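> Predicted model and sequence follow; I will ask about them next.
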Amino acid sequence: MSTYVRPAVESPVFYDAQGQVIEYGSRWPDSPPVDTYSVVTHPERFDPLRAVAEALIAHLQETFEVDIIEGPEAVEQMLRPREDAIRTVRIEPRDPSCAPVTIQIDSYPGVEVEAGLLERAWFPPCGCDACDETWESAAEGLEQLVLAVVDGGFWEQPGPFGSSWVEIGHEHPEGRQSGSVDASQYPAARLEALRDPRRPTSGRWASWPRRRVSPASSDVEPRPGEASVASPR
């Protein structure tokens, strides 16, 4: 069970040419107008995603046994980093059976996540006026993916019978998502690691080990006849 809590973020409000509030997420009850495709009027509506990404990074660092790699070294380990990245953080569990996660915040504003060996996802997935996405729906997808990885709900599995496709998916309390990707798009070293016979046949990565917390000396009751000793500062 995850202890992550989404930070309190104020939703930005935007108005149309008539001064009416734009109700993102419910603008097109039927099909969107043709002229809204590939058009992004207010990308800044996704600004709150940055706070959500930072909260996830802090949660993973504080909760699990991980190593943090940031900056150019983290970028070098990505499959396809964004050129407009503002911050890139790679979180590596100390247990090699667990999938690493890289969170990259860009200037769009948006967030890219790479997980395991091949997974790449963007939030928002599109952001155009036609898709009518909200920052809340993008944040939900971001949280679901990252928390699925740490909870052991993420898998990557080569296709059957020598297929050139790879199956990738994750599950979370609200459901599951999965699909296939063309293996030829990925570096040979990544694919070789994916097919390592030591990996589970299910392709499922293990859940991340939680950080061990030692009880403070002040919380331990002294035995009869002993004086309590203050913890060194």
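Happy to help now that I have it. As the structure is a prediction and not an experimental result, all values here were calculated from the model.

> Excluding chain neighbours, what is closest to the residue at minimal distance from the centre of the chain?
The centroid of the chain falls nearest to Val146 when counting by CA atoms, centre = their mean (3.5 Å). In space, and not counting its chain neighbours, Val146 is closest to Leu56: 5.3 Å by CB to CB, 6 or more residues apart in numbering. C-beta here means a position set from N, CA and C on the backbone, and glycine is covered the same way.

> correct me, but that neighbour touches Ala139?
No - the pair Leu56 / Ala139 is not scored as a contact, 9.6 Å apart, by CB atoms under 8 Å.

> that older thread, secondary structure class for the residue nearest to the centre of the chain?
helix (DSSP: H, G, I helix; E, B strand; the rest coil).

> Please report how far the closest residue to Ser107 other than its chain neighbours lies from Cys98.
Excluding the flanking residues, the one nearest Ser107 by CB to CB, 6+ apart is Asp84, at 4.4 Å. Separation of Asp84 from Cys98 (CB to CB, to the nearest Å) stands at 29 Å.

> what about these two, which has more around it?
More crowded of Asp84 and Cys98, by other CB atoms under 10 Å: Cys98, with 22 against 12.

> so that one bridges to which residues?
Ala206 (DSSP bridges).

> confidence score at it?
With respect to pLDDT, Cys98 has a value of 97.

> Spit out the contact partners of it.
Val150, Trp205, Ala206, Ser207, Trp208, Pro209 (CB atoms under 8 Å, 6 or more residues apart in numbering).

> what's the neighbour count on the nearest residue to Pro33 once chain neighbours are set aside?
Excluding the flanking residues, the one nearest Pro33 by CB to CB, 6+ apart is Ala130, at 7.6 Å. Residues within reach of Ala130, counting by other CB under 10 Å, total 18.

> Wait, a strand at Ala130?
No - going by three-state DSSP, the assignment for Ala130 is coil, not a strand.

> Now do stretch 55-73: distance to the chain's middle.
Here stretch 55-73 is found 12 Å from its chain centre; the criterion is CA atoms, centre = their mean, to the nearest Å.

> next one: stretch 41-55
For stretch 41-55, the gap between its own C-alpha mean and the chain's C-alpha mean amounts to 14 Å (CA atoms, centre = their mean).

> mind listing what's buried in that stretch?
Of the residues in stretch 41-55, Arg45, Phe46, Asp47, Pro48, Leu49, Arg50, Ala51, Val52, Ala53, Glu54, Ala55 count as buried by neighbour count, 16 or more other CB atoms under 10 Å.

> Pipe these into CSV and attach pLDDT, distance to Phe64 and secondary structure per row.
Shown next, in CSV, are the buried residues of stretch 41-55 (pLDDT from 0 to 100; distance: CB to CB, whole Å; DSSP: H, G, I helix; E, B strand; the rest coil):
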residue, pLDDT, distance to Phe64, secondary structure
Arg45, 96, 31, helix
Phe46, 97, 27, helix
Asp47, 96, 27, coil
Pro48, 97, 24, helix
Leu49, 97, 22, helix
Arg50, 97, 22, helix
Ala51, 97, 21, helix
Val52, 98, 18, helix
Ala53, 98, 17, helix
Glu54, 98, 16, helix
Ala55, 98, 15, helix
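
> surely the residue nearest to Ser107 meets Asp106?
Yes - contact criterion CB under 8 Å: Asp84 and Asp106 qualify, at 4.9 Å.

> possible to save the buried residues of stretch 41-55 as a markdown table with distance to Glu174?
A markdown table is the format used below for the buried residues of stretch 41-55 (distance: CB to CB, whole Å):
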| residue | distance to Glu174 |
| --- | --- |
| Arg45 | 23 |
| Phe46 | 21 |
| Asp47 | 24 |
| Pro48 | 20 |
| Leu49 | 19 |
| Arg50 | 23 |
| Ala51 | 21 |
| Val52 | 17 |
| Ala53 | 20 |
| Glu54 | 23 |
| Ala55 | 19 |
